[in-house]
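> When you get a sec, could you give me coordinates for this:
(one chain, ligands or ions: 2)
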Amino acid sequence: MMTTRDALRFPTSQSDQIDPYLPPSTSNPSKPFVTLTFATSLDSQLSLAPGVQTALSGPESKAMTHYLRSKHDTILIGVGTAVADDPSLNCRIEGVGGYGGQGLAGQPRPVVVDPKGRWDFHAESKVMRLAREGKGKAPWLITGSSIKEEEQKLLESVGGKVLELPCSSTSSIPWSAILDALTKEGASSVMIEGGGVVINDLLSSENFRLIDSVIVTIAPTWLGKGGVQVCPKERIEDGRRIPVGRLKGVKWVPLGEDVVLCGHPKLEQ
Ligand SMILES: NC(=O)C1=CN([C@@H]2O[C@H](COP(=O)(O)OP(=O)(O)OC[C@H]3O[C@@H](n4cnc5c(N)ncnc54)[C@H](O)[C@@H]3O)[C@@H](O)[C@H]2O)C=CC1
Ligand SMILES: Nc1nc(O)c(N)c(N[C@@H]2O[C@H](COP(=O)(O)O)[C@@H](O)[C@H]2O)n1
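Ligands and ions are numbered 1, 2, ... in the order given. Have a look, this model is predicted:
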């Protein structure tokens, strides 16, 4: 088990370069600041295969991800990632709550989007255990239908809750509705980590404008065909393919063997 001594460090010389892409100190009351962040291979893949957790970030960029976690109120993933990774979704930077700091200061609230109750969590799921141990916040579960009574009780016993939202016949919940729900719960920022379905959906033309910052770790490796790919759907207008968009205000930050790309989305006209 990780102790406070093993906590991660992210030096100021590096955080200074990332800070311009982080949520501002004054928040927008009508929409959380959205940071889309993930690690990708050179062939634009998040993992070797669907459901297979794949370590792409090196130690320096991993510390950067944990620094980002300390700067957001919430951290959101899709249920595919929850099932595949059994993630911790806490912040393990030295000085935050549970890692040398007081209470849960600096810990983000995990949010899992699970419209059909696919996530079979239990008391020993990492997020639940860390919440019990005071090393992370308990998750909020965004769902389209009521969940099993015993799961709801377990979630609430560690301080989590269920947010039930209307979803379409294909079990899709509009991202604007998800962000509204987070605003109502008092969240002024959300760091969206993945996985493939979530990222491709947010990067589509329909949702692109909801993103404020993109911070991508690029690892010097090719995973090969068959992985979970980041490749959002383009727009077709009058039979013409319109690219989704690009980043402006771009900065490339080398961190160890990886490079971290930061920017603000700009929709193509
Ligand atoms: N390299 C990286 O930074 C990351 C890698 N991953 C990897 O990605 C893979 C998982 O990705 P995916 O299978 O694509 O799953 P995912 O994590 O994107 O979850 C997809 C599921 O979430 C729900 N969902 C997402 N958006 C929704 C919406 N708007 N409304 C309603 N439901 C919604 C749906 O049930 C959907 O099937 C795993 O292998 C994981 O290890 C995940 C996160 C980050
Ligand atoms: N930044 C980053 N680099 C990688 O190489 C990754 N595989 C991921 N995955 C994301 O991080 C979650 C795991 O977090 P914990 O260490 O368990 O807290 C995983 O669920 C993905 O969201 N990220």
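> From now on I want contacts and neighbour counts done on CA atoms only, so please keep to that.
Fine.
> and the closest residue to residue 78 other than its chain neighbours, what does it touch?
With sequence-adjacent residues excluded and distances taken as Cα to Cα, 6 or more residues apart in numbering, residue 78 is closest to residue 113, at 4.9 Å. With contact set as Cα atoms under 8 Å, 6 or more residues apart in numbering, residue 113 has these partners: 76, 77, 78, 79, 141, 142, 143.
> For the second one, pull up the helix or strand it's in.
With secondary structure defined by DSSP states H and E, residue 77 is part of strand 74-78.
> Can that strand be said to contact ligand 1?
Yes. Strand 74-78 is in contact with ligand 1 by Cα under 6 Å from any ligand atom, via 77, 78.
> So in that sheet, which strands flank that strand, and in what orientation?
Strand 74-78 has the following strand partners under DSSP bridges: strand 109-113 (parallel), strand 189-194 (parallel).
> And for that strand, what's in contact with it?
Outside strand 74-78, the residues that reach it (Cα under 8 Å, 6+ apart) are 69, 89, 108-114, 187, 189-195, 197-198.
> try stretch 86-94
Counting by Cα under 8 Å, 6+ apart, 4, 7-10, 63, 66-67, 69-70, 75, 81, 99-101, 106-110, 125-127, 130, 135-137 sit against stretch 86-94.
> tell me the mean pLDDT for that stretch?
Averaging pLDDT along stretch 86-94 yields 98.
> do stretch 191-205 as well
Stretch 191-205 shows a mean pLDDT of 97.
> Ligand 1 contacts on the stretch 151-269 of the chain?
So far as Cα under 6 Å from any ligand atom goes, the stretch 151-269 of the chain lies against ligand 1 at 171, 172, 173, 174, 175, 193, 194, 195, 196, 197, 198.
> thinking again about what came up before, give me the subset of the contacts of strand 74-78 that also touch ligand 2.
Checking these against ligand 2 (Cα under 6 Å from any ligand atom), the matches are 89, 193, 194.
> hey, where'd the strands end up in the stretch 151-269 of the chain?
161-164, 189-194, 213-218, 228-229, 235-237, 240-242, 245-255, 258-267 (DSSP state E, counting those that start in this stretch).
> Could you dump the ones you listed into CSV and include mean neighbour count?
Converted to CSV, the strands of the stretch 151-269 of the chain look like this (neighbours: other Cα atoms under 10 Å):
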stretch, mean neighbour count
strand 161-164, 18
strand 189-194, 26
strand 213-218, 23
strand 228-229, 21
strand 235-237, 11
strand 240-242, 11
strand 245-255, 15
strand 258-267, 20
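> Out of those, which is closest to residue 53?
strand 228-229 (10.4 Å; Cα to Cα).
> residues in contact with the closest one?
44, 45, 46, 47, 48, 49, 50, 196.
> Tell me the strands beside it, with direction?
strand 45-47 (antiparallel).
> Give the next helix or strand downstream of the partner strand.
helix 59-70.
> other SSEs contacting that following helix?
If contacts are counted by 3 or more Cα pairs under 8 Å, 6 or more residues apart in numbering; DSSP states H and E, helix 59-70 sits against no helix or strand.
> so how far is that helix from its chain's centroid?
How far helix 59-70 lies from its chain's middle: 12 Å, per Cα atoms, centre = their mean, to the nearest Å.
> Stretch 88-97 now?
That offset, for stretch 88-97, works out to 15 Å (Cα atoms, centre = their mean).
> I'd guessed residue 256 sits against residue 58; true?
Yes. With contact defined as Cα atoms under 8 Å, residue 256 reaches residue 58; the gap is 6.9 Å.
> quick one, which of the two is more surrounded?
Between residue 256 and residue 58, residue 58 has the larger neighbour count (other Cα atoms under 10 Å), namely 19 against 13.
> wouldn't the more buried one be in contact with residue 257 here?
Yes. Contact criterion Cα under 8 Å: residue 58 and residue 257 qualify, at 6.9 Å.
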